[in-house]
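J.: Kindly generate the corresponding structure for this input.
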Amino acid sequence: MNLSDRTIEEMLGCADQPAEALRWRGASQSDGWREPFKSGQGFRHRYGEGVGDGGWEFHQLNDALSVAVVDFRAACPISRSHRHDDHLVFCAMLEGRSTISAGDDPVGDDLAHGFCTFFGLSRGDAVRTVYEANRPLRYVSIFLRCDRVRDVLGIDVDALPAIFRDYIQHRTPIGLSHVPLSSSASLAATQVFECPYEGELRRIYLIAKALEIACSVIQSHTDDADASAPALRRADIAKIKLARQLIETNLDEPLGVADLAATVGLTIKKLQHGFQVLFRGSVGQVYKQVRLAKAMVLVSKSDMSMLDIAIECGYECPGSFARAFKLAFGSSPTLVRTRTLPRHLAQAQPTHVN
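T.: The predicted model follows:
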C-alpha cells in the first residue's frame, strides 16, 4: 500500500488549526482520522482498520521544535515518503524495525530498535519508509528547525560537530546516519510515551525529553570519528548490518566477536571498525544497547517474568540483569513495570528481582 506523501509543513499546518477545522479535515483523511488535542498545538492520528492498528501523535512544542510519537502495527506492507525541508530529524526507535531510504539509494537502510537514526536532507528531497505487516513499531521523531538551533539548544552552531554545523550553515546534506541510543536517550524516549502531564506542563516535559535525545546523538557524533573513518564498500556494509541482525536475533545465546566476524565473513578488525563507523560503538557496546532496549520493551509491554526476560536478553541471572537495567535506566525493572503496565497486571508479576 502506497500512502500519500507527508511533509513537515502539512503536519505543522494541522497542529496550528482550530479544533473545529481539524475535526472536519479528519473525516477526509485517506488513511484514518485526526483528533486535535484539547490544549491545542497538536493532534492524534488514528489509522483506519485496513491500514493498521494504532497511530501517532504530533506535538508542536514551539516554533522551532516538534515531536511525533508513533505506536502502531501495519495491517499490510506500507510505503510512504516524508519531506522535512530545513529540519534536522532524529528518530529514536524503541521497538520494531522498518526500511528507510533517501536520495538515489536503491538499497535503503534500517530504522532499528535500540538506535537513533538522524538526517538532514536537501530541500525538496524525501525519505521513503516501508513498514512491514504485523510488526509493532514504537519510536519518537524529533524535528528541529535549522535556523533556530542556537535558540533551542542554547549553544553556538560553530560549537557543534562538523556534520551538524555544515548542514545548519550550508545545507550540506546529512545522509541516513545511526547511533546506538544511549541509556539516557532510551529512557527519555520511553518517558515520552509515559508523560504524566497535560497542557503546558506536558509541552515543557516533552521539550526536555526531545532535547535530551537530540543532545545525546549530537554528543556521540564527534568530529574526530568522522575524520578518521574510511569509506566502507557496499558489500562490507551489508555484512556489518547482517552482524547487527545476528546480535538482535541471538540475544539469549550471544555470539562472541570472533564467531560473529567469521559468520558474516569479515575480520575482527574490520567488523569492529564497521560498527564504529555505522553505529558509533564497538560490537560489545551495540550488543549492550540492543539487549537493554529489548529488555525495556519486554519489561514495559509484556507480562513475562523477570527471570524469563533476563534469559531472553542474554543475562545469566536475574540479579545481573536487574543491576544492568537499573544502571542504564535509573530504575529497577520492577519499578518500571509498575509504572507502565496496568496495576493489576504488575501485581501479578514475580517480585524476586529488585
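J.: what's the average pLDDT for stretch 249-265?
T.: In this model, stretch 249-265 has a mean pLDDT of 90.
J.: Keeping just the C-alphas, turn it into CSV.
T.: Extracted in CSV, the C-alpha atoms of stretch 249-265 (Å, rounded to 0.1, in the frame of the first residue of the first chain):
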residue,chain,number,x,y,z
THR,A,249,18.2,-12.5,16.9
ASN,A,250,20.6,-14.3,19.2
LEU,A,251,20.4,-12.3,22.5
ASP,A,252,19.7,-15.4,24.5
GLU,A,253,22.8,-17.2,23.1
PRO,A,254,25.1,-14.3,22.1
LEU,A,255,27.9,-14.9,19.6
GLY,A,256,31.4,-13.8,20.5
VAL,A,257,33.1,-11.2,18.4
ALA,A,258,35.3,-13.7,16.7
ASP,A,259,32.3,-16.0,15.9
LEU,A,260,30.2,-13.1,14.7
ALA,A,261,33.0,-11.9,12.4
ALA,A,262,33.5,-15.4,10.9
THR,A,263,29.8,-15.9,10.4
VAL,A,264,29.4,-12.8,8.3
GLY,A,265,32.8,-13.2,6.5
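J.: please begin residue numbering at 391 from this point
T.: Fine by me, first position is 391 from now on; the one you just mentioned is stretch 639-655.
J.: Output the below-cut-off pLDDT ranges for the stretch 541-690 of the chain.
T.: 612-622 (pLDDT under 70).
J.: in it, which spans are strands?
T.: 564-570 (DSSP state E, counting those that start in this stretch).
J.: where do the helices sit along it?
T.: 552-560, 573-583, 589-610, 613-618, 624-639, 647-654, 658-669, 673-691 (DSSP state H, counting those that start in this stretch).
J.: Give me the distance between the nearest residue to Glu602 once chain neighbours are set aside and Ile603.
T.: Nearest residue to Glu602, sequence neighbours excluded (CB to CB, 6 or more residues apart in numbering): Ala578, at 4.2 Å. From N, CA and C alone the C-beta is placed, and that goes for glycine too. Between Ala578 and Ile603 the computed distance is 5 Å (CB to CB, to the nearest Å).
J.: Now the common contact residues for these two.
T.: Ala482 (CB atoms under 8 Å, 6 or more residues apart in numbering).
J.: Identify the residues contacting the nearest residue to Val542 once chain neighbours are set aside.
T.: Excluding the flanking residues, the one nearest Val542 by CB to CB, 6+ apart is Ala454, at 5.0 Å. Each residue near Ala454 by CB under 8 Å, 6+ apart is listed here: Leu534, Arg535, Arg538, Val539, Asp541, Val542.
J.: of those, closest to Asp476?
T.: Of all the contacts of Ala454, Asp476 sits closest to Arg535, with 6.5 Å by CB to CB.
J.: and the spatially closest residue to the closest one that is not a sequence neighbour, what pLDDT?
T.: Leaving aside its sequence neighbours, Arg535 sits nearest to Ala454 (CB to CB, 6+ apart; 4.3 Å). Looking at Ala454, its pLDDT stands at 95.
J.: now Arg729
T.: Value for Arg729, per-residue pLDDT: 79.
J.: so is it in a helix, a strand, or just coil?
T.: Recorded secondary structure, Arg729: helix (DSSP: H, G, I helix; E, B strand; the rest coil).
J.: From the opening residue of stretch 686-705 to its closing one, how far?
T.: 14 Å (CA to CA, to the nearest Å).
J.: Give me the contacts around it.
T.: 484-485, 503, 528, 576, 580, 641-644, 677, 681-682, 684-685, 706-708, 710-712, 714-715, 719, 723-724, 726-727, 730-731, 735, 738-740, 742-743.
J.: Mind giving me the PyMOL select for those residues, buried ones only?
T.: The PyMOL selection below is limited to those of the contacts of stretch 686-705 classed as buried (16 or more other CB atoms under 10 Å):
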select buried, resi 484+485+503+528+576+580+641+644+677+681+682+684+685+708+711+712+714+715+719+723+724+726+727+730+731+739+743
